[in-house]
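>>> here is a sequence together with a model predicted from it:
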Protein chains: 2
Amino acid sequence: MTAEGSPDRADAPAPGLSIDAARLEESIRALATIGAYEDESTGLVGVRRVALTDEDAAGRRQVIEWMEAAGLRVAVDAIGNVFAERPGLDPSLAPVMVGSHIDSVPTGGAYDGVLGVLGGLEVVRTLDDRGVATRRPIVLAFFTDEEGCRFGTDMLGSAVATGRIPLDEAYALRDAAGTTVRDELSRIGFLGDEPIGARRPHAYLECHIEQGPVLGGAGHDVGVVTGVQAIAWYEVTFRGRSAHAGTTPTSYRRDAGLSAARVNVALRELVDSGRYGELRATMGVVRPHPGVVNVVPGRVTATIDLRNPDDGAMEAAERDVRALLAARGEEDGVEVTWRRTARTAMVPFDGAVMDRIDAAAAARGLRRTRLLSGAGHDAQEWARVAPAAMVFVPGEHDGISHNPREHSTREQCANGVNVLLDVVRRIADDGPLGRDGGEP
Amino acid sequence: MTAEGSPDRADAPAPGLSIDAARLEESIRALATIGAYEDESTGLVGVRRVALTDEDAAGRRQVIEWMEAAGLRVAVDAIGNVFAERPGLDPSLAPVMVGSHIDSVPTGGAYDGVLGVLGGLEVVRTLDDRGVATRRPIVLAFFTDEEGCRFGTDMLGSAVATGRIPLDEAYALRDAAGTTVRDELSRIGFLGDEPIGARRPHAYLECHIEQGPVLGGAGHDVGVVTGVQAIAWYEVTFRGRSAHAGTTPTSYRRDAGLSAARVNVALRELVDSGRYGELRATMGVVRPHPGVVNVVPGRVTATIDLRNPDDGAMEAAERDVRALLAARGEEDGVEVTWRRTARTAMVPFDGAVMDRIDAAAAARGLRRTRLLSGAGHDAQEWARVAPAAMVFVPGEHDGISHNPREHSTREQCANGVNVLLDVVRRIADDGPLGRDGGEP
């Protein structure tokens, strides 16, 4: 492992070729026009391309058009994942897969997921421009509903493709309007015919924006991602009693909104206690019912998002959050029920792939560091079936993301995608992966 | 003033006639079918007849049909208030007005407002059945948008009719979809041609459910309402920064949802402090934006409903709530802005009218008490232009209201409306009102 931030490494491969940074930027800009919306809270134009909506479908068709224009063979699997293959010199070899997603949160930016997909496309375009062939095929992929904010389960497409979530279970998930994943896949024309699990890559790579302040704050050009922290999502329902806000004495109230508020405050206290390491906790959804000014809320639906880089600390936090919910209900005379809608353990990435990323960054003279991802990514699903790792790119404004202010500069994007290019080439031409895997 | 609960009073008028309790119940039941909905949180059928919706319009047409069947002359004023007049023996005298409302909250019951309107109708029907004439005309009225949960201002119709809110200001109010009061009045056919302020009654009476636990808890049959407590409504906006729930370190967050939750918790602490007398505080609306599981809310819109029977304590509470909002914003790095959407001072009712209610209840042998209203009512607006008071009827389940469980028994309703009948007759046949107003 290299020292943090030191751009020196003698045994790294020479870069040879570099991507067209302007072309990459232009592709990102063009895709951002699909699902563009005026964001009232920032005054900026953001991206709203929520999974399996018409906007997502339009984005998918645009990327497929670009893939086909680059000569790739496109296939869609039964959960709507899109795979585009560039043949290798030896068709008997498993491919190197480069992937990410193009769906967004309702208030998203232009880079989240998109950088990995269009960065992968730029890698293919660069190889084509220079007539470079690789021994292994390269598969460029984007996966269905990575964000999970519509159907409640994130990394859905890659989780199905790699066997964590059964297809039938994924099909049956419903959005708030009661529409199923299967019906929406069918409606937008992405209920594909490639069987689930048909792709088992030699290695999986993903370039993504960091979505946090670490790289930018320390002046790093790229990050070598060592894994993804543990994630747990809860949907919590508070059932009290709706009542007139003017006439109901305080002692008679069973205010579901107040209970939810107390839980939100208590979650921050848990985080600040330091007892759960680097726990992060967020209540992103709060829906009081009936939700009018003069009625004490009788029912509230809320969500809790917990993250932790340490599996043990995460388990302790989950246990204590559930105890907190039970105690809250008891004390407030409110029935509190919860359902865990997502749970992934900490996922470590592959050491050999990380080393190659590190070496490529070093050879390009880039300042780099190793860091754990705070967000979930498709790579954590593919890590179950193939050696996988990620390249992170810093973002402006403390790496703000899931927000129209999300922005990485042309140079920041180019650094990450050049590293992706180098590592894809290297692994696609290599023999077996491994720290002593036949390389110089 | 009589002692609480003592059903003895020698100088009260003899009741003479009584209403048809079964007919009253049947009218209430029939009106409740208009806007009926299946309430998922209680499993009951509730009433959703929100002001100026199609359901409200259908309810209005039904009540007008009944009014006309009872021979009343119906007029609609420019804010959609409906007035139905039963002539008196002396047309030169100002009428006794009996009123309330038929609009509901989105999760309402069958009695709120309706008891006063259909109770008034039952008074007229009873007088008609027995061929009883009164010296003064009787005007039965229902007023537009008493609840205020759609356009943000309660008691709207009666406030306009009695001069507190200018007509143009009321017309311009918008609901969440941006539709104005005037457009909706016009759309549902209730933009009437009677000029505002044409009715100045000799006295105003309103029978209403208590919507609280006091009468039922102490075993009283009816309440003599002494006034309405002060009310203040605020719409509060918290502007932080939306950010990724997984990647954004806690120290970088400006979580608008957490700030709103802290305010909700602090409001209850203010109430529990006892420093503001009998303050009640409710946060009925909380709308985080974007409102998805993995995004720290960047903006929250919330409402605060404050009530206090004491004007001085209310002013102190409002001052401290505003200071709390400012301090919260400062401490959390969140911009907190507020707008006061409603404010009424404590309204005392007329002593002479209260005495007549008390006397009528005593003559019927009903257990009664005097109490202040926790909720706002149309009567508080009419109290500005005429001697006014209210009769309260207890409700089951601690007087729960704004909920499908809202229920007063046939007997409870009949007690209140019989008192209304007696007082309407008495005042409609009286000379000037007053404690020494020419009565025995």
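Arrived safely, thanks for sending. These numbers come from a predicted model, not from an experiment.
>>> all helices for the stretch 151-300 of chain A, in order.
Assigned by DSSP state H, counting those that start in this stretch, the stretch 151-300 of chain A shows helices spanning A:156-161, A:167-172, A:181-187, A:214-218, A:256-273.
>>> what's the least confident stretch among these?
Lowest mean pLDDT of these: helix A:214-218, a mean of 93.
>>> run through who's touching that helix.
For helix A:214-218, the surrounding residues in contact (C-beta atoms under 8 Å, 6 or more residues apart in numbering or on different chains) are A:5, A:210, A:220-223, A:369, A:371, A:392-396, A:398-399. All C-beta spots, glycine's among them, are computed from the backbone N, C-alpha and C.
>>> neighbour-wise, give me the winner out of those residues.
Counting neighbours by other C-beta atoms under 10 Å in any protein chain shown, the top entry in those is residue A:393, with 31 neighbours.
>>> which SS class is the closest residue to it other than its chain neighbours?
Nearest in space to residue A:393, with sequence neighbours left out and distances taken as C-beta to C-beta, 6 or more residues apart in numbering or on different chains, is residue A:416 at 3.7 Å. The local conformation at residue A:416, judged by DSSP: H, G, I helix; E, B strand; the rest coil, is helix.
>>> same check on residue A:342?
For residue A:342, the assignment made with three-state DSSP gives strand.
>>> ok so, going back, so which of the helices of the stretch 151-300 of chain A comes closest to residue A:409?
Of all these, it is helix A:214-218 that lies closest to residue A:409, at 10.5 Å by C-beta to C-beta.
>>> quick check: pLDDT value at residue A:342.
With respect to pLDDT, residue A:342 has a value of 87.
>>> that should have said residue A:8, apologies.
Looking at residue A:8, its pLDDT stands at 40.
>>> next one: residue A:317
98.
>>> so who does it touch?
Residue A:317 makes contact with A:270, A:276, A:279, A:281, A:306, A:308 under the criterion C-beta under 8 Å, 6+ apart.
>>> could you rerun that using 7 Å?
The neighbours of residue A:317, taking C-beta atoms under 7 Å, 6 or more residues apart in numbering or on different chains as the test, are A:270, A:276, A:279, A:306, A:308.
>>> neighbour count and distance to chain B added to the residues you listed, as CSV?
Shown next, in CSV, are these (neighbours: other C-beta atoms under 10 Å in any protein chain shown; distance: C-beta to the nearest C-beta, whole Å):
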residue, neighbour count, distance to chain B
A:270, 18, 11
A:276, 22, 11
A:279, 27, 8
A:306, 25, 9
A:308, 23, 10
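>>> surely residue A:83 is in contact with residue A:200?
No. Counting by C-beta atoms under 7 Å, residue A:83 does not reach residue A:200; the two are 11.9 Å apart.
>>> of the two, who's got more company?
The neighbour count for residue A:83 versus residue A:200, taken as other C-beta under 10 Å, is higher for residue A:83 (24 against 13).
>>> can you tell me the SS state at the more buried one?
Classification of residue A:83 by three-state DSSP places it in strand.
>>> most tightly surrounded among the helices of the stretch 151-300 of chain A?
Stretch with highest mean neighbour count among the helices of the stretch 151-300 of chain A: helix A:156-161 (a mean of 30; mean count of other C-beta atoms under 10 Å in any protein chain shown).
>>> please see if it touches chain B.
No. Helix A:156-161 lies out of reach of chain B by C-beta under 7 Å from any C-beta of the partner chain, never closer than 13.4 Å.
>>> residue A:319 looks like it's in a strand, true?
No. Judged by three-state DSSP, residue A:319 forms no part of a strand; its state is helix.
>>> give me the spatial nearest neighbour of residue A:106, chain neighbours excluded.
In space, residue A:106 is closest to residue B:290, 4.8 Å off (C-beta to C-beta, 6+ apart).
>>> quick one on the thing from earlier: need the helices of the stretch 151-300 of chain A in a markdown table with distance to residue A:335, can you?
Below are those laid out as a markdown table (distance: least, C-beta to C-beta, whole Å):
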| stretch | distance to residue A:335 |
| --- | --- |
| helix A:156-161 | 30 |
| helix A:167-172 | 26 |
| helix A:181-187 | 30 |
| helix A:214-218 | 41 |
| helix A:256-273 | 9 |
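>>> nearest residue to residue A:146 in space, please, no chain neighbours.
Using C-beta to C-beta, 6+ apart and skipping residues adjacent in sequence, the residue nearest residue A:146 is residue A:101, 3.5 Å away.
>>> same check, this time on residue A:208
residue A:116 (5.2 Å).
>>> in contact with that neighbour, which residues?
Counting by C-beta under 7 Å, 6+ apart, residue A:116 has contacts A:99, A:100, A:206, A:207, A:208.
>>> need the three-state assignment for it.
Put simply, residue A:116 is helix when judged by three-state DSSP.
>>> hmm, residue A:393 and residue A:420 touching each other?
No. Using C-beta under 7 Å, residue A:420 makes no contact with residue A:393, being 9.8 Å away.
>>> joint contacts of the two?
Common neighbours of residue A:420 and residue A:393, counting by C-beta under 7 Å, 6+ apart, are residue A:207.
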